[in-house]
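Asker: coords please:
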Amino acid sequence: MRIDPIKIEQQNKLIYDYKNKKSDLQSFFDYEETERSLKDRVNELMNRSFQRKRLAEVLKTMNKTWDAPESTMHNIDRLKDPESVVVIGGQQAGLLTGPMYTIHKIISIVTYAKQQEKLLTRPVIPVFWIAGEDHDFAEINHVYMPEKTEMKKLHIQQTILEKYPVSDIELNKEHATRWLDTVFTHLNETKHTKSLYEEMNRCLDKSNTYVDFFANVLFYLFQNEGIVLADSGNQDIRQLEANYFVQMIENQQEINHHVYQAHKKLLYLGYTIDLDVAENAGHLFYHKNHERILLFRDEQGNWVGKQKEVMFTTEELVHIAKNKPHLLSNNVVTRPLMQDLLFPTLAFIGGPGEISYWSVLKNAFHILQMNMPPLIPRLSFTMVNQQIVDKAEKYGITVTDVVNHGVDFYKQKWLQSQFHPPIEHMFHQLKKTVDASHKPIRSIAQQMRDDLGGLAEKNLERINREIEFLQKRISLSMEEKYTTDLAAFDELNQYLHPLGGLQERVWNPLPWMNQYGISFIRQLIEQDITFTNDHYLVQL
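Answerer: Down below sits the predicted model:
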């Protein structure tokens with residue numbers, strides 16, 4: 001395995017400025033990512049109290065249901081140590097892990113936890129927060145697989161019409177098995193295919209929900225890293241959260257005010273935050289008949305659904321939080337707060353979108369008497385093999401070029417270069433020559449009569465259309481002649497810039513596991529990787 005850092009040219013402005021420690025932006029965060037800041041964060045955590053024993057019991061029961069490896073169970077026991085801290089990040093429960101950035105995020109959590117345990121000489125536990133209370137099934141019900149030179153979206157055929165939390169969605173084994181078989185038809189047979197297919201079916205067979213399937217696959221891939229999984233949709237977790245829900249309800253007005261104001265300030269500074277912030281947002285969901293209803297505050301101060309599906313006074317909602325916390329869940333604003341109340345969080349590992357919306361939360365953390373943890377941008381990878389590298393070099397482009405820009409420009413440039421001078425240049429010159437030769441005729445026609453001048457102009461347009469028609473026909477013939485070469489460009493795009501973006505946002509890891517086995521994940525974790533680079537090319 002060879003791993004090289006590369007620069008990503010088009011980055012989210014906020015993330016770019018955050019990584020470069022721009023002063024205007026730093027005021028929205030409590031900590032920078034420095035050794036001193038991390039030690040200050042440890043001191044803060046040591047002065048706070050956590051439900052360590054109860055949390056460990058819940059996590060142990062939860063992780064046992066997914067046949068967690070011994071490394072995970074050992075780390076859960078270490079969480080009871082009052083000196084221990086965690087590095088945490090999370091994601092929705094995608095099929096076969098979902099896009100590759102899920103794997104990259106876990107690699108980041110494990111890597112950063114190991115680095116900090118060595119630096120701080122105390123237990124640092126990697127935790128992955130599964131957003132099981134999320135209800136957008138359409139975001140997780142598919143994977144993309146390579147098909148010829150395109151990416152094909154393969155949906156599981158189970159239909160969920162209601163807004164059920166993913167933790168509550170029972171996995172239809174018949175649909176899931178058929179879907180898994182379809183996914184594997186898109187793989188070439190290798191020495192890993194049979195065992196990989198058997199393992200994925202084993203994970204499926206012992207799963208009742210989509211969260212179960214997700215967790216079982218993760219533990220198959222990460223046997224020795226000690227990653228601890230926490231399903232935020234789990235009812236035992238909700239019981240631990242009861243008093244924290246009360247704090248959020250009682251402080252809702254202040255929390256929302258500061259989030260709303262921070263959002264406005266960031267917009268004024270030129271940052272775009274993909275976060276829907278309303279002046280009357282409650283930032284909590286209420287669960288009714290398994291559906292999640294986002295709560296708002298009305299003019300009387302009541303907590304209501306957007307369509308008035310429910311209505312509670314603050315006292316009634318506090319009572320629900322204390323006695324039936326499983327009926328509540330967090331939204332994108334309160335989830336980070338809940339995460340930090342539950343876990344002694346040394347650092348949060350997040351992607352660009354997550355760090356963007358965390359930027360509005362500093363004062364919300366302060367209202368609940370805690371600081372926002374240090375935010376660490378996750379590691380980002382593009383997987384390549386020698387065949388891909390050789391193909392790019394054959395056509396005079398670099399892998400980095402394709403990762404950043406795709407192939408369209410390079411493909412057309414190469415195609416035009418197959419003739420000397422290039423076809424496009426020849427036809428451009430032809431139009432200029434025709435225009436110059438035709439100009440005296442247009443001039444004479446215009447002098448004789450206006451209608452003859454117009455006729456001459458139309459005559460030139462007609463000639464140019466014929467030239468353009470001929471150019472298109474020649475270009476099509478060229479494309480037919482060089483079909484194999486153009487397909488090679490498209491294949492490069494499919495691997496390195498699929499659907500106009502980074503590989504990790506589209507590709508599922510299954511094709512790479514099929515080609516190289518799951519050991520490449522372990523090899524990545526063993527690399528000496530820093531968190532200061534934009535992106536890495538990993539040559540397998």
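
Asker: So which residue of this structure lies furthest out from the middle?
Answerer: Distance from the centre of the chain peaks at residue 448, with 67.6 Å (CA atoms, centre = their mean).

Asker: quick one: low-confidence parts of this protein?
Answerer: Scanning the chain for pLDDT under 70 picks out no residues.

Asker: If you count neighbours, what's buried in stretch 154-162?
Answerer: 154, 156, 158, 160 (16 or more other CB atoms under 10 Å). The C-beta positions use only the backbone N, C-alpha and C, and glycine is treated the same way.

Asker: dump the residue contacts of the residue farthest from the centre of the chain.
Answerer: If a contact means CB atoms under 8 Å, 6 or more residues apart in numbering, then residue 448 has no contacts.

Asker: any idea how far it is from residue 455?
Answerer: Per CB to CB, to the nearest Å, residue 448 is found 10 Å from residue 455.

Asker: Kindly report the same for residue 323.
Answerer: 87 Å.

Asker: out of those two, which sits in the busier spot?
Answerer: The residue with more neighbours, out of residue 323 and residue 455, is residue 455; 13 against 9, by other CB atoms under 10 Å.

Asker: for the helix or strand hosting that one, packing partners?
Answerer: Using DSSP states H and E, residue 455 sits in helix 450-481. Contacts defined by 3 or more CB pairs under 8 Å, 6 or more residues apart in numbering; DSSP states H and E place helix 450-481 against helix 408-416, helix 423-448.

Asker: Let's see that with 6 Å instead.
Answerer: helix 423-448 (3 or more CB pairs under 6 Å, 6 or more residues apart in numbering; DSSP states H and E).

Asker: Work out the gap between the helix it packs on and the centre of the chain.
Answerer: Here helix 423-448 is found 53 Å from its chain centre; the criterion is CA atoms, centre = their mean, to the nearest Å.

Asker: Can you list the buried residues in it?
Answerer: For helix 423-448, by 16+ other CB under 10 Å, it's 423, 427, 431, 438, 442, 445, 446.

Asker: One more: stretch 64-72?
Answerer: Buried positions in stretch 64-72, judged by neighbour count with 16+ other CB under 10 Å: 66, 68, 69, 72.

Asker: Can you tell me how far the second one is from residue 198?
Answerer: Spelled out, it's residue 68. Distance from residue 68 to residue 198, by CB to CB: 20 Å.

Asker: how close does residue 129 get to residue 10?
Answerer: Separation of residue 129 from residue 10 (CB to CB) stands at 29 Å.

Asker: out of these two, which sits in the busier spot?
Answerer: Between residue 129 and residue 10, counted using other CB under 10 Å, residue 129 has the larger neighbour count: 23 against 8.

Asker: so that one makes contact with residue 231?
Answerer: No - counting by CB atoms under 6 Å, residue 129 does not reach residue 231; the two are 8.4 Å apart.

Asker: Just the angle for the helix holding residue 455 relative to helix 423-448, thanks.
Answerer: Angle of helix 450-481 versus helix 423-448, following axes from the mean of the first three to the mean of the last three CA atoms, to 10 degrees, is 170 degrees.

Asker: Please point out which parts of the helix or strand following helix 450-481 sit buried.
Answerer: Scanning forward in sequence from helix 450-481 by DSSP H and E, the next helix or strand is helix 483-496. For helix 483-496, a neighbour-count test (16+ other CB under 10 Å) marks 486, 488, 489, 491, 492, 493, 494, 495, 496 as buried.

Asker: The following helix or strand past helix 483-496 - contacts with which helices or strands?
Answerer: Per DSSP H and E, helix 483-496 leads on to helix 510-516 as the next helix or strand towards the C-terminus. Packing partners of helix 510-516 (3+ CB pairs under 6 Å, 6+ apart): helix 193-205.

Asker: Give me the buried positions along the helix it packs on.
Answerer: When burial is assessed from 16+ other CB under 10 Å, helix 193-205 yields the following buried residues: 196, 197, 199, 200, 203, 204.

Asker: Next up, the contacts around the nearest residue to the fifth one once chain neighbours are set aside.
Answerer: In space, not counting the residues next to it along the chain, residue 203 is nearest to residue 216; the distance is 3.9 Å by CB to CB, 6 or more residues apart in numbering. Under the criterion of CB atoms under 6 Å, 6 or more residues apart in numbering, the contact partners of residue 216 comprise 66, 203, 207.

Asker: any idea which helix or strand carries residue 216?
Answerer: Here residue 216 is assigned to helix 210-221, by DSSP H and E.

Asker: Dump the C-alpha coordinates for the next helix or strand after that helix into CSV.
Answerer: In the C-terminal direction, the helix or strand that comes right after helix 210-221 (DSSP H and E) is strand 228-231. Extracted in CSV, the C-alpha atoms of strand 228-231 (Å, rounded to 0.1, in the frame of the first residue of the first chain):
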residue,chain,number,x,y,z
VAL,A,228,-17.6,0.9,20.4
LEU,A,229,-20.9,1.3,18.7
ALA,A,230,-23.8,3.3,20.2
ASP,A,231,-27.3,3.3,18.6
